[in-house]
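[1] No sequence on hand, only this structure:
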């Protein structure tokens, strides 16, 4: 027996099954026109509604939708009052419908909770969800340092630091589009990094556990105007993010001694950033395929909730 999880983020449609130990996640990036930096919510919602049935059909063809005992979906970005994005209506609506047809319970989770669960599970540390820990949620729209605590079968996440303006993912994607790369640009910039032959050592100002990346975007544009090579510009952007995340992590560990650090979100899969975090604090990092937006974390939380209620 297993459960079904759905996640329809702003840029990825995903569906996953989980049986308590192993899981299968299918995901597909939404189409963004070349040169553009994202999608309107209406466009994202339209693409999710069209693509989610295809992923479910694929799971069915693989025999993974047999004996589904519960359904869950990401219904909002964060588990706080007022957190809302229309794109999550696609996963929630289809999830509730499937649960009703099957006569099984439906469980709502936040997109961020799913990220944390997926990261912990893929790193072999699902036990983290039952204790307090520090976590980075680094993605296209989020750069938050979290103090995470267990809450029932899920977790609560308090923002204790991160960016005050531009997210790490936005800096990476805007740099990539400026260089003529396809959105999202994380993998492409990561590949360019190794080709760089100059190091600018960018320094981002930090106040407490908070920092600003908007000035780094201005410096990226200045380097491009000066004719700097794409590889060196890519390295500048990645170094700016990596260096400040490392510094803030060290300060957070001084303030919250003894807590492990979990890294989630697509930006957290950057090889330079991840290697530094592992070296500095022994960070626990998700496998690359579970760093980006996915439904496996939602499925894991659904399994935990259903098991606690005796539905499995």
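    Okay, I see it. Treat the numbers as computed from the prediction; the structure is a model and nothing was measured.
[2] which residues touch the residue nearest to the spatial centre of the chain?
    What sits nearest the mean C-alpha location of the chain, by Cα atoms, centre = their mean, is residue 265, with 2.7 Å. Residues counted as contacts of residue 265 (Cβ atoms under 8 Å, 6 or more residues apart in numbering) are 115, 136-139, 142, 169, 291-292. Using the backbone N, CA and C atoms, a C-beta is placed for each residue, glycine as well.
[3] measure it to residue 175 for me?
    For residue 265, the distance to residue 175 (Cβ to Cβ, to the nearest Å) stands at 17 Å.
[4] Give me the buried positions along the strand or helix carrying residue 218.
    Per DSSP states H and E, residue 218 falls inside helix 214-225. By neighbour count with 16 or more other Cβ atoms under 10 Å, helix 214-225 contains the buried residues 215-217, 220, 223.
[5] What is the most widely separated pair among these?
    The most widely separated members of these are 215 and 223, with 12.9 Å between them, by Cβ to Cβ.
[6] if we can go back for a sec, phi and psi next, for the residue nearest to the centre of the chain.
    Note on residue 265: its backbone torsions stand at phi 100, psi 150 [degrees, to the nearest 10].
[7] quick one: it from residue 273, how far?
    Taken as Cβ to Cβ, the span from residue 265 to residue 273 is 11 Å.
[8] Common neighbours of those two, please.
    residue 138.
[9] List the buried residues for stretch 156-165?
    Of the residues in stretch 156-165, 157, 160-163 count as buried by neighbour count, 16+ other Cβ under 10 Å.
[10] nope, stretch 65-77 is what I meant
    For stretch 65-77, the buried set under the neighbour-count rule, 16+ other Cβ under 10 Å, comprises 65, 68-77.
[11] again, but for stretch 267-274
    Within stretch 267-274, the residues that qualify as buried are 267-270, 272-274, counting by 16+ other Cβ under 10 Å.
[12] Stretch 31-47 too?
    Residues of stretch 31-47 classed as buried by neighbour count (16+ other Cβ under 10 Å): 32, 38-39, 43-45, 47.
[13] which among these gets closest to residue 187?
    Taking the buried residues of stretch 31-47 together and measuring to residue 187 by Cβ to Cβ, the closest member is residue 32, at 14.4 Å.
[14] From what I see, the closest one and residue 11 are in contact.
    Yes: with contact defined as Cβ atoms under 8 Å, residue 32 reaches residue 11; the gap is 7.4 Å.
[15] overlap in contacts of the two?
    In terms of Cβ under 8 Å, 6+ apart, residue 32 and residue 11 are both contacted by the residues 38-39, 184.
[16] so which one among the residues you listed has the lowest pLDDT?
    Among those, residue 38 carries the weakest pLDDT, at 81.
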